[in-house]
Every structure is written in structure tokens, then in C-alpha cells.
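Trainee: Kindly return the folded structure for what I paste below:
(one chain, ligands or ions: 1)
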Amino acid sequence: MRLLASRGRCQVWHRHLGCIALRNNLRVSRHWPSYSTSHHHHHDPSIKKTRNIGIIAHIDAGKTTTTERMLYYSGFTRRIGDVDDGSTVTDFLPAERARGITIQSAAVTFHWPPLHEGSAPKDGDPRSHTPHTINLIDTPGHADFTFEVLRSLRILDGAVCILDGVAGVEAQTEKVWSQANNYSIPRIIFVNKLDRDGAAFERTIKEIGSRLHGWPAVCQIPWWEGGKGRFTGVGDAINLSALKWKEGGDGKRIQTFDLTELAQEDTSLYSELLKARGALVETLCEFDEHLLETWLACNDDSLAVPAQAIRDSLRRCVLDGSGRLIPVFAGASFRNIGVQPLMDAVDDLLPNPTERPDPEISIGNQKGSLSDLLQGKLSITPNKSVSKRPASPLSLVAQVEGCALAFKVVNDPRRGVLVYIRVYSGSIKRNSALWNTNLHVTERAQRLLQMQASDAIEISHISAGQIGVIAGLKHARTGDTLVSYPGVNPKLGPPAPLNTLQLRPIDVPPPVFFAAIEPHSLTEEKNVADILVLLLREDPSLHVNVDEESGQMLLSGMGELHLEIARDRLVNDFKAKATMGNIEISYRECILGTGTTLHRIVFDREVAGKKGKAGCQAHIEPLHDVLPETEHTTHLDGNVITIRLPESSYDVDGVPILPPDLSFITLRTALVNGAKAALARGPRRGFPLHASHVTIMFDPSTDYFGNDSSAAALSSAARLAVQAALKEGFENGNIGLMEPVMNVVISCDEASLGAIVHDLSSARGGHVLSLDNDSSEESTSDLPAIDTSRIYAPPDLFASSSGADRDGPGQQRQVTARVPLKEMVGYLKHLRSLTGGRGTFIMSVDRFERLSRPREKAL
Ligand SMILES: Nc1nc2c(ncn2[C@@H]2O[C@H](COP(=O)(O)OP(=O)(O)OP(=O)(O)O)[C@@H](O)[C@H]2O)c(=O)[nH]1
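Mentor: Numbers count the residues shown, from 1 in each chain. Next comes the predicted model:
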């Protein structure tokens, strides 16, 4: 943004208005240069102008409102959508519209500045003078969807964190912030809602220091009319100018004032802006030697430091993703104030995909980075016990054409199932065969799309660093890794261990609530089951368990809201004729002693018209130690399953000798699936098993019956054998019950602290772990505490009336406790009454604990 010569001239952000209608007409047919049909294997030059970013925030901070403005100013939409009347583009699921909150992270692509408005880049121009492709991934803000946030975080290259300028830094923000620290995601902050009564910019800036443990680099300060009135714009400490938005307009007209103009227009903002510039340069000098040199070359005059030098310095500081230095911007997106400069900051300060560290992978039992793997630096000689022909690592990986992570599955009413992918290496081409390393199936990518919320454009390939959609896949789920490997055997995939390659694997937290799903009639059962499969592909943190005998379907998930929304999806969006029962806590069962008997089963029955016969033996015991995952040992929902063959079934190198038609992977998958089904329902109360170690012994000489031993027969044998072992445990009184215990973080003011702590420890059986501000286990920052008195922020207007004075009874406190989930049901209401409506809390599963006798009785 350039300073204008004439005083307070009105400017439309990014040059002119005239081309907007035209742009909207043309955008589908021509303006996707970055997705042309060429066959690059290396990075497309356009990748440098790509930003894969997300917006993270506490619920209601204004993510959706801000996103809508971004889409509008980029020319993507022609009118401003409104969260409150349910017409927004990104919150497009009916269930989301009804609730006005974001549940599903949809990705939308737009350009900033708009394609027609870029000028040819000149040296020294900010990046934001040329159009960038912004892939915006909308992340949910509710605590129940933390897992969904994690899932989106891992594919982001950068993030904008939106804070509510009245509420400041909230518990959920802290949590997502520390998760973003774990993924080293470069971030900037937008302090929103500065138009509201009680908005406290200064207090919020200090909280960024004290609660997010980063140094706020205040890039903009709020402009209140006449120093106290309406919020009307911002002072820009980077460009030494002030921006004023026309009241009540769509926000496209912005008046720009340079320093001289500002001195006449508003002296108090003028003098504050000079302070802000000084503080910004000073802060940056502490982090960045380059800027320090520039500053010294400017004779220590912070006003003389060129704006571009400051932008470059901010960018260097942000790029490491440590969150040590945090650029802060200001605005009120609902009033259309501050959004365009925020988008400039996305172009200017956040990284392109090539500037990000290499993604982590796991392959076989190893962890490493993708480029190490692709450059042959990981020693991935195929495991001896799986294959006898060790290929050289380089020749093995040379054939990998593309590698992508499916980060979102959405059922689109018109286009069917859409799988959103982020490509990490090479490219994914239309019609290529993709090996799914999680499900071990091959699927063809018949159609590739670039999504614009509810519009789509067909493309021929998606290259490294880009985000796109594969339409028509039948199996791929959220979180699966897809590998394009020409000439791959569709059944077996690429040679081991490449067939196990996983990008940025994350742990799915255990579900702690469940509800029964009752189809309205027998004939509806299949339809309901099919819809549930789709729901699970969308959201792998949902689980379905169908009881083999009764046919009852149980849906489980991470929170009450999580299940309520699943019900909405099921009944309202998918029109399933089914009812969901009460939402209940999902307890666990555990085995208390080691069984004595080996339970040998020979399954011999027709399965779907085909003869099936297979056998195995099973044994179950409590899980004491952490067992490493190997090709014989599978971790599953808190349990461990080990597959054993008799010694005579291994050759001298330890490679299993199996009948020619049976591969070890097929055998293992079938047996594990059987055991999984048995462990899903315990013998005592029907709750899933937890912390148990199942061993399944399979002897090919007695348990294998040629073609009759199909995968289905092997699974059934394993299921029956494990069930027999569980039944024995139950008959011997060896099955205990466990309950989910939550890690709870409560934010409240000093005055209600006592009542909250008392209630937690006496009435709720909780265990208070800490009471202060920043020692919760979750603020995992290794960053040193920050002396907030050293942080610059412009003084708040309404400091006294807004309770910004945080000493005394209004001071914010944080309680961390471990509490049984059962005691936390309905807690929000209680907390509100204890705190006069101001307290908030977040919680996550800490672990499952054995129920005490009295608690067991009360069940
Ligand atoms: N006064 C004021 N209200 C705002 C501003 N931005 C958003 N709001 C209002 O705050 C509420 C929440 O905004 P959303 O955009 O839905 O917030 P969100 O963060 O997307 O919320 P979730 O999708 O539920 O996580 C809505 O009623 C908005 O109109 C603002 O700048 N000023």
C-alpha cells in the first residue's frame, strides 16, 4: 500500500473497483494459471505465491465473519454473507447454518489481491502487490472438535489467529495456539471486534504475552474517532500511515493518511503511531540482527527504517513457526474494518509451501522426514520377515510419482464424496492409481477439482504444495495417505515398506460418549449403515460398532455436541430414517488377571453363500507395558493385538513361511479385524475393552483350509476365539470397569476461584492440579515467561469501565484439574452460575481409570 500524496484521499483497496463484475464472470474459465495441464515434477513457480492458511480462534471470535469479508474483497463473492442470517459461503452444511458455528473445515481458494489488480512486481514492493493464491482452510472452534482442528493444523503452512478484542485470549485459543506451536506453524494475530463496547486492545496485547508466551509485535493500533469515539480504522506502524473506513459501507473505500496528513487529522493517533513504530522496530531488533543493522544504518532512527525492511524482518521472525514473535493486526470484520490489510499480511508475512519444514512421516516402524525418504537417506530396506528381496532405498522411492494427505472428506449433495488432499511431493494426476497406505487399497483419481466453497473447477493435476479435491473415491477417509506409484499392483501396493508410508500421522483420541442408532424399520438398516460409513469417512473421530448378535448400532464420539451434530448430519442432511437414543458416557471394560486357557476355535460356516473355514487360538491378559508396534503387534483403541505363528513357520531369517495363497499382511489384517470386533463389546456391560493385550496364535498346519480360509473366515475365527477368552475372564470375575477421566482447564475470575475449587474437589471427585495462570500441562511452551510491563500497547480507552484492570477480584485465574467425565456432564451451566456467566472451560481425555467400588455401584 503506497502513501498517497493528496490529503486523506479515498482509495479502493488494491486499486480499482471497476473490474469486479468482469472478474466474477471470467474466473471459472481462464484464471487458474497455477493449475495448468503441464507435467511439472518440480515446484511450479506459482507455488511461491501460494498460501495454505487456516484461521484459528475461540468460538465466536469472528472466524466466519472475517472469512466472508476475505471472500468478498477478493472478488470471490459479490455480496457479504452474514453469519447471523445463515448465508455464509464456508459454513455450508445445513447443520452449521442452523447453529451458526463452524463444524466442518472446508477449504476455499481465492486470490489476494484479486487477479486483475496486481501490478508487475518491482524490487522493494511488498509481496502483496501481486496476486497470491490463498487456500483457506476453515477450522472449527469448539472444544469438541479439537481433533478436527489438529487434523487441519497439520496441513497448514500458516495461520491467522483471531482474538475477540473484548474477551481477549481465551482458553480454547491457548490450547489451539500450543498445538500450533507443536506443528511449528507461522502465525499472525488479528484482534477483532474492536468496535464493541469494552474492547480492550491493550489488555489483549498483554494477554498475548502472558498467555501465549510470545512477544506481540504491534503492527497496527486502533483508531477511535477523536481519540474516544467510534472505532473507525487503524494506525499502521509498518507503513507509517493511518487507514480510515467509511462508516456503514462495504469496506472497499479506505481513506489513507500519511504522517503529515495524520498530524492534522488526529494528533493523538499521530503521536501514538510514532510510539508504536518505535516499539515495533525495537522489538524486531531484539529478534533479528538484519533489522538491527538497518536500524543502526538509519542512525537509530526508527522512523527512517524502510517499511519493506520491517516486513522482511517480521517475515523472518514469523517463518520459524516458534510463535516467539507475533505480529498483531487490528480491526472489526463485522464493520468491514481491517480485513484487506490483514490479507496483505498473509501474502507478506506467511510462508509459501516451499518455505516449510519437511513433513514428518512414518514408514514401517521408522519415523523421519519425507524428503529424507525420497532422497534415499532413510534406511528403509524392506523388512526381512516380509520380503526376501531387499531393494535399494533409492530405486524403491524413485518411482513415487506423488504423495498426498487426505485431510477432509465431505459428502457433497451434488458431486458425491469429495476428498480434499494436500500434495506433499510430486503431483497427483487425473486417472492415476492411488495406493491408500492406511486402508491398503488402490483407487483411481478419476476427477480432480479445485474447490471454491460450493463451486468446482476440473483440473488435470494437483502438484506439491497445493490443495485440491479428488471426486469419486470410494474408500479414502480423512487422514489417509495416498501414494501415486505407476505400475503398482492394485492389491499389494508399492513394495514394502513403502506401502505403509504415512504423512504426519496423528493420534485419534478415544471416544467417550456413545448413543444407540435405531433404524425405523428393518429395511432401513442397510441404508442407515451405509450413511454411517460415510459419516465415519468424513470424521474418523466418530466410531460405529455393530453388535454381531443383536445387530444394534452404537455410534460413539468425543463429546455430546459432537454426537448431536452427527445426529443432525445423519437425520437432517442424509435423511436417514433412524432415531438416536440418549447420549451416554462410554465406559471401558478391562481384564484383571491373566487367563489360563488357550481358546482354540475352528470356524466352519457359510459366509454370504460361500464356504468358510479357518481356525486360531486366543489368549487375553492385562496390558502392562508399552509394546512397540511391529508387523506382529498392532495397537488398537488402547489395546494391543499380537499375532503369533509357531516357530516352525519361520525360516532361518525369521521370515514367515505361509501357504502360497496367504500373505502375512492379509492374514494379520483378517485376524486383527476379528479381534477388534470382539474387543468392541466387553462381556460385562457391553463396553469396549481397554488396556488389554490379545495374543492370537495361528498355526498354518492346523488352522488353514486352503481356499475356504477366506479373510472373512479368518476374521470370524479370531472374533470367536477372543470372545471365548473374554467369556472365561468374565466367569472368573476378572472383568473390571474403567471410566474416562478428563483434564479440565477452567478460566474464571479471582472472586469465583474458591467456590470452583471447592465444588471440583468435594462434589465432583476431582483432583485440582494447579491454580495459576500458566503452569497448566497444556501450555507446553518452553518459551520463557514474558514480562508484560515491557510490552508496548497503546492505552485502552475504556480501561476502567471494561474491567480491564485485572488485579483484585476481576483478575483472571486458571484452574487445572483431573475430574471424572461423569461429574463434568452439564458442568457449563453450573460454572456459569458460580461465575456470574463469565467462566469458561475446556477439557480433553486424560486417561481411563479403574472405577472404585462405590463409583461402580452408582453406575
Ligand atoms: N461487534 C462485532 N461483532 C462481530 C465482529 N465479528 C464478528 N462478530 C459477531 O460475532 C458473532 C460470531 O461471529 P462468527 O464469525 O460466527 O464467529 P466464528 O469464530 O466463526 O464462530 P464459530 O464458527 O462458531 O467458531 C456473530 O454474531 C458476528 O456477527 C466484529 O468485528 N464486531
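
Trainee: Next up, the contacts around residue 432.
Mentor: By Cβ atoms under 8 Å, 6 or more residues apart in numbering, the residues touching residue 432 are 401-402, 444-445, 484, 486. Placement of C-beta: from N, CA and C, glycine included.

Trainee: any weak-confidence spans in this structure?
Mentor: Applying pLDDT under 70 to the chain flags residues 1-44, 81-106, 118-121, 138, 140-147, 380-393, 452-455, 773-783, 798-810.

Trainee: According to the record, where do the domains of it fall?
Mentor: 47-355, 360-503, 513-585, 593-733, 740-783+807-858 (automatic domain parsing).

Trainee: who wins for proximity to residue 797 among those domains?
Mentor: domain 47-355 (5.6 Å; Cβ to Cβ).

Trainee: thinking again about what came up before, so of the domains of the chain, which one's packed in deepest?
Mentor: Most buried of the domains of the chain, by mean neighbour count (mean count of other Cβ atoms under 10 Å): domain 47-355, with a mean of 21.

Trainee: Return the closest of the contacts of residue 432 with respect to the ligand.
Mentor: Using Cβ to the nearest ligand atom, residue 445 is the member of those that lies nearest the ligand, at 31.3 Å.

Trainee: List the contacts of the residue nearest to that closest one when sequence neighbours are not counted.
Mentor: Distance criterion Cβ to Cβ, 6 or more residues apart in numbering; nearest residue to residue 445, sequence neighbours excluded, is residue 470 at 4.8 Å. Residues near residue 470 by Cβ under 8 Å, 6+ apart: 406, 418-419, 421, 428, 434, 445, 447-449, 476.

Trainee: Reformat those as CSV; add secondary structure.
Mentor: Formatted as CSV, these follow (DSSP: H, G, I helix; E, B strand; the rest coil):
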residue, secondary structure
406, strand
418, strand
419, strand
421, strand
428, strand
434, strand
445, coil
447, strand
448, strand
449, strand
476, coil
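
Trainee: Make JSON lines out of those and add distance to residue 148.
Mentor: Output for these, formatted as JSON lines (distance: Cβ to Cβ, whole Å):
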{"residue": "406", "distance to residue 148": "14"}
{"residue": "418", "distance to residue 148": "16"}
{"residue": "419", "distance to residue 148": "16"}
{"residue": "421", "distance to residue 148": "17"}
{"residue": "428", "distance to residue 148": "23"}
{"residue": "434", "distance to residue 148": "23"}
{"residue": "445", "distance to residue 148": "24"}
{"residue": "447", "distance to residue 148": "25"}
{"residue": "448", "distance to residue 148": "24"}
{"residue": "449", "distance to residue 148": "22"}
{"residue": "476", "distance to residue 148": "17"}
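
Trainee: hey, what's residue 451 bridged with?
Mentor: For residue 451, the beta-bridge partners under DSSP bridges are residue 456.

Trainee: Test my guess that it contacts residue 109.
Mentor: Yes: look at residue 451 against residue 109 with Cβ atoms under 8 Å: they come within range, at 6.7 Å.

Trainee: For the stretch 251-400 of the chain, which segments are assigned as helices?
Mentor: According to DSSP state H, counting those that start in this stretch, the stretch 251-400 of the chain carries its helices in the segments 259-265, 267-287, 289-297, 307-319, 339-349, 370-374, 393-398.

Trainee: Which one of those lies nearest to residue 547?
Mentor: That would be helix 370-374 among the helices of the stretch 251-400 of the chain, by Cβ to Cβ, at 41.0 Å.

Trainee: which residues touch the closest one?
Mentor: Contacts of helix 370-374 (Cβ under 8 Å, 6+ apart): 358-361, 363, 378, 380, 397, 400, 403, 424-425, 501, 503.

Trainee: Extract the C-alpha set from stretch 759-774 and format it as CSV.
Mentor: Below are the C-alpha coordinates for stretch 759-774, written out as CSV (Å, rounded to 0.1, in the frame of the first residue of the first chain):
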residue,chain,number,x,y,z
ASP,A,759,-17.0,-27.7,44.1
LEU,A,760,-14.5,-29.7,42.0
SER,A,761,-12.8,-31.4,44.8
SER,A,762,-15.7,-32.1,47.1
ALA,A,763,-18.8,-32.6,44.9
ARG,A,764,-17.2,-33.9,41.8
GLY,A,765,-14.4,-36.1,43.0
GLY,A,766,-11.9,-34.0,41.1
HIS,A,767,-8.2,-33.5,41.8
VAL,A,768,-7.0,-29.9,41.4
LEU,A,769,-3.6,-29.9,39.8
SER,A,770,-2.8,-26.2,39.6
LEU,A,771,-4.3,-22.8,40.2
ASP,A,772,-2.2,-20.3,38.5
ASN,A,773,-2.1,-18.7,35.1
ASP,A,774,0.5,-20.5,33.0
